[in-house]
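**Student:** Curious how this folds, go ahead:
(3 chains)
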Amino acid sequence: MKRGYLLIILISLSTLELVAQSIESTLVYANEQFEVGNYQNSALAFERVIFFSEGKVDFSVYTKLADSYRLNNNAERAIKFYDIAQYQADNDSARNEIIFRKVFTYLQLKEFDQGLIALFDLKTNSNEQTQFRKEYLKGIIYYLKDDYERSIDVFDEYLSLQEKEALKFNELKNQLKKAENIKPNLAMWLSVFIPGSGQMLYGDFKDGLNSMMLTAAFVTLYFNYVMDFSLVEGYLVVLPWFQRYHRGGYQNAKENALEKQELIRSKVYQELVLMHPEKIK
Amino acid sequence: MKKLSLSIFLTLYAIAAYSQDIYNTENSKKFASYLYQSEQFELAAIEYERLLFLDDRNDSIKYKLLSSYFENKDFGKAISRSKKLYPSVKDFTDPVANLYLKLLILNEDFSDFDLQYTAVPLANNKKAVYKLHKNVLNREWQEAYDTFNELQAFPFQYKSNFNELLERSKKPDTKSPFLAGILSAIIPGTGKFYTGNFKDGIFSLLVVGGTTFQAIRGFNKDGVNSTSGWIFGTVATGFYAGNIFGSVKSAQVYNENYWLEIENETRILINNSY
Amino acid sequence: MRRNIILILLISIAGVGKAQEISEIALLQNLDEHHHAASKEKLSDKYHYVKQNTNELQFVMSGLFLFYKEFISSQDSQSCSFTPSCSEYALQAVKQQGIFKGMLNGFDRLSRCNSLSPEKYEVDPETRLLLDPLKL
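**Tutor:** Okay, the predicted model is just below:
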């Protein structure tokens, strides 16, 4: 009797195997296309697997479908399927991995806040590596949001786990302080009173000299007009032009300072990115 | 007990028999239509291409494929694909014929439209509506009036709107570039008033007036050798002549914009009706 | 039932694999455009047509243009309301339409550059300036 049951089950399973075979082979094909980088093909094949399984597939299929969309530059749809995969994942480590990918997709979309929120779904209690990666990304995202103070705090904590990089990080902190110490408004006000001086304050001598000479030329022209014609004439004809270029000068002073600041911050960012967990472990 | 196990076996077997190859035509059609419904037109097109490979005589699949390209705004591809799917334009089915004429219009293949118009197998009235669209879009006004007359008794979408557009083209509100130039030559800026650019006109008048005044003052003070007189004089002449040139140009721009506005309204009507 | 069996089958072959893709680091590095200081392009590269002169007059005009851009325009607070700017427009006009028509066109453009009628032009989405390329 027992053997009879076994036989029946075996036979029925083998027929079912036939049923599922085409779905299975589609999945194999999808995986293969994914591996070779044909993400549109793999997206279509994974969609087919999910459609014909009526959605009852392993979460990893959803993950790969999402990956396919992400790598084929369809971030919105990728996020949709990462969400499903995250919901269905049956263990923390797989769920965490999915969340990380979703965060990267949000970053690609420049939706930094969404990325930050997604990071909080991570379950890091048991895994130091995940914790490490989370802190790193948190620091990066704060930096991208121009919240340098918070970013530094997070990185401080992050690197306290790893003393090796602390020295380098201190140097970066100094750089950031240097950026902080550049005062665009100071440069502007200097140039308001002495045209060109604000540009020179942060090392832009060519531009400063340019501004100085141009405004000086207008002042000379003004006095020329006042002497040749009248005070009113000089006021009406030359002064507007002087004003225009004087203002251009101090605006430049401010902008140049801002640019200098951004340049430092940009360099620091590139260094921070290199403190990726993989690099410093 | 045996009955039970047999029934289990039979149920399972039935399920197995029910679900067939997911690549067969029936299942693929369901999948393709799901992709189309969820607006994944690019993927839907791939799937319909595969379906056509399985069954290359199925007209409804052909239409779905072309629609996927159409919805994906891949007009050129849709047109070339239509030509390949049928031996000749005459063999188009009704929906494909409709789609094909839309495609030619949206892709602005007007010469192809003219060449193939008669061969497209559609009722004359229906075809004429597309012809009207093309006439208006391509600014063939005389033909457009004729086509509209053909359609006198036939109701179609936005008929009254098209009627209004045609009326507007009969009495165009355009400006004469020559008159604009003459006006600005007499009083700077007035040519621009005439073309509706009041603020530009006033600005030109002030600039020409101001620089001329400065030039005259310079010459009055220092005679023919006045530097500021010559400088302002040159600038004033430049602005005066530039304003005449600009007035002629602004009349031309005005006229072009008049027709462009009609064209844009046509585009909106066409896009809404396709 | 059928679903469950399929589920079992699928679990057996799928796994969260690493995709073949650019590294995380490269991805993050590219996100920095926000901080990218506007790179100072050489004027003669930005306005490449200054190098294409067919006669001496065009050469002189191009030189004047570069001088103006480098030393005067760079100091001006009130920038032109159009794209391309009036000086670029005038240089292009002189090159394409000859000195006479080109100058007239340039003077007309200058008197239209008054920011009084923004409603007459389309806005360039990139620069937020009024679009007015050289046409007629």
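
**Student:** contacts, neighbours, all on C-alpha from now
**Tutor:** Will do.

**Student:** Minimum distance to chain C, which residue of the stretch 51-200 of chain B gives it?
**Tutor:** Ranking the residues of the stretch 51-200 of chain B by distance to chain C (CA to the nearest CA) places B:Asp200 first, at 5.8 Å.

**Student:** Pull the contacting residues for that residue.
**Tutor:** The contact partners of B:Asp200, taken as CA atoms under 8 Å, 6 or more residues apart in numbering or on different chains, are B:Gly189, B:Lys192, C:Ser111, C:Arg112, C:Asn114, C:Leu116, C:Ser117.

**Student:** for those residues, which one is nearest chain A?
**Tutor:** After measuring these against chain A - CA to the nearest CA - the closest member comes out as C:Asn114, at 14.9 Å.

**Student:** Assign a three-state SS to that closest one, would you?
**Tutor:** coil (DSSP: H, G, I helix; E, B strand; the rest coil).

**Student:** Quick check: pLDDT value at the most centrally placed residue in chain A.
**Tutor:** By CA atoms, centre = their mean, the mean C-alpha position of chain A lies nearest to A:Leu107, the distance being 5.1 Å. Confidence at A:Leu107, expressed as pLDDT, is 92.

**Student:** pretty sure it is in contact with A:Gly115, am I right?
**Tutor:** Yes - with contacts counted by CA atoms under 8 Å, A:Leu107 reaches A:Gly115, the gap being 6.3 Å.

**Student:** Dihedrals phi and psi, C:Gly48?
**Tutor:** Careful, residue C:48 is His and not Gly. Dihedral angles phi and psi of C:His48 (degrees, to the nearest 10) take the values phi -60, psi -30.

**Student:** Give me the neighbour count for it.
**Tutor:** Burial measure for C:His48: 10 neighbouring residues, criterion other CA atoms under 10 Å in any protein chain shown.

**Student:** measure it to C:Gln97 for me?
**Tutor:** Counting by CA to CA, to the nearest Å, the separation of C:His48 from C:Gln97 is 18 Å.

**Student:** who wins for most neighbours among the contacts of B:Asp200?
**Tutor:** Highest neighbour count within these, by other CA under 10 Å: B:Gly189, with 30 neighbours.

**Student:** and the next element down the chain from the helix or strand encompassing the residue of the stretch 51-200 of chain B closest to chain C?
**Tutor:** Take DSSP states H and E as the rule and B:Asp200 turns out to sit in helix B:198-222. Using DSSP H and E, the helix or strand that follows helix B:198-222 in sequence is helix B:227-273.

**Student:** Run a quick neighbour tally on the closest residue to A:Ser42 other than its chain neighbours.
**Tutor:** With CA to CA, 6 or more residues apart in numbering or on different chains as the measure, A:Ala30 is the residue that lies nearest to A:Ser42, at 4.6 Å, once sequence neighbours are left out. When counting by other CA under 10 Å, one arrives at 27 neighbours for A:Ala30.

**Student:** can you check A:Val237 too?
**Tutor:** Other residues lying near A:Val237 total 14 when counted by other CA under 10 Å.

**Student:** Also the one 10 residues further on?
**Tutor:** If you count neighbours by other CA under 10 Å, A:Arg247 ends up with 21.

**Student:** Next, see if the helix or strand containing it gets close to chain B.
**Tutor:** A:Arg247 is located in helix A:239-273, with elements delineated by DSSP H and E. No - contact between helix A:239-273 and chain B is absent, the nearest approach being 14.7 Å (criterion: CA under 8 Å from any CA of the partner chain).

**Student:** contacting residues for the residue nearest to A:Ser42?
**Tutor:** Residues in contact with A:Ala30 (CA under 8 Å, 6+ apart) are A:Asn41, A:Ser42, A:Ala43, A:Ala45, A:Phe46.

**Student:** and it, which of the three is it?
**Tutor:** helix.

**Student:** okay but B:Leu35 is in contact with B:Phe41, surely?
**Tutor:** Yes - assessed by CA under 8 Å, B:Leu35 is found in contact with B:Phe41 at 6.9 Å.

**Student:** Report how many residues lie close to whichever residue of chain C sits closest to chain A.
**Tutor:** Distance from chain A to each residue of chain C (CA to the nearest CA) is smallest for C:Ser77, at 3.7 Å. Applying the criterion other CA under 10 Å, we find 17 residues in the vicinity of C:Ser77.

**Student:** Can you check the pLDDT for it?
**Tutor:** What the model reports for C:Ser77 is a pLDDT of 82.

**Student:** Now tell me which helix or strand of chain C has the poorest mean pLDDT.
**Tutor:** Taking all helices and strands of chain C together, the one with the lowest average confidence (mean pLDDT, DSSP states H and E) is helix C:2-13, at a mean of 46.

**Student:** wait, chain A
**Tutor:** Of the helices and strands making up chain A, the lowest-confidence element is helix A:2-36, at a mean of 67, by mean pLDDT, DSSP H and E.

**Student:** Contact partners for the residue in the stretch 51-200 of chain B that chain A sits nearest to?
**Tutor:** Proximity to chain A, evaluated over the stretch 51-200 of chain B using CA to the nearest CA, is greatest for B:Leu51 at 13.8 Å. Contacts for B:Leu51 (CA under 8 Å, 6+ apart) come out as B:Thr25, B:Ser28, B:Lys29, B:Ile61.

**Student:** Those residues in helices, which ones?
**Tutor:** B:Thr25, B:Ser28, B:Lys29, B:Ile61 (DSSP state H).

**Student:** Look at the nearest residue to the first one once chain neighbours are set aside and report its pLDDT.
**Tutor:** Once its chain neighbours are removed from consideration, B:Thr25 has its nearest residue in B:Leu51; the separation is 6.5 Å (CA to CA, 6+ apart). We note a pLDDT of 88 for B:Leu51 in this prediction.

**Student:** so A:Ser42 touches A:Asp67, yeah?
**Tutor:** No - contact status for A:Ser42 versus A:Asp67: not in contact, 9.6 Å apart, counting by CA under 8 Å.

**Student:** just for chain A, where's the confidence low?
**Tutor:** Low-confidence segments of chain A, defined by pLDDT under 70: A:1-21, A:126, A:161-163, A:281.

**Student:** Likewise for chain C?
**Tutor:** Where chain C drops to pLDDT under 70, the residues are C:1-22, C:33-40.

**Student:** How is chain B divided into domains?
**Tutor:** B:21-122, B:124-171, B:177-267 (automatic domain parsing).

**Student:** immediately after the least confident helix or strand of chain C, which helix or strand?
**Tutor:** Where DSSP H and E defines the elements, the next helix or strand beyond helix C:2-13 is helix C:24-30.

**Student:** What residues of that next one count as buried?
**Tutor:** Buried residues in helix C:24-30, counted by 16 or more other CA atoms under 10 Å in any protein chain shown: C:Leu28, C:Gln29.

**Student:** swap in stretch A:159-172?
**Tutor:** Of the residues in stretch A:159-172, those buried under the neighbour-count criterion (16+ other CA under 10 Å) are A:Leu159, A:Ala166, A:Phe169, A:Leu172.

**Student:** Could you do stretch B:71-87 as well?
**Tutor:** Buried residues in stretch B:71-87, counting neighbours by 16+ other CA under 10 Å, are found at B:Glu71, B:Asn72, B:Lys73, B:Asp74, B:Phe75, B:Gly76, B:Ala78, B:Ile79, B:Ser82, B:Leu85.

**Student:** Stretch A:34-51 too?
**Tutor:** Here stretch A:34-51 shows A:34-35, A:37-51 as buried, counting by 16+ other CA under 10 Å.

**Student:** Does the helix or strand hosting A:Trp189 reach chain C?
**Tutor:** Using DSSP H and E, A:Trp189 falls within helix A:184-193. No - using CA under 8 Å from any CA as the criterion, no contacts between helix A:184-193 and chain C are found, and the smallest distance is 12.3 Å.

**Student:** Much appreciated, bye for now.
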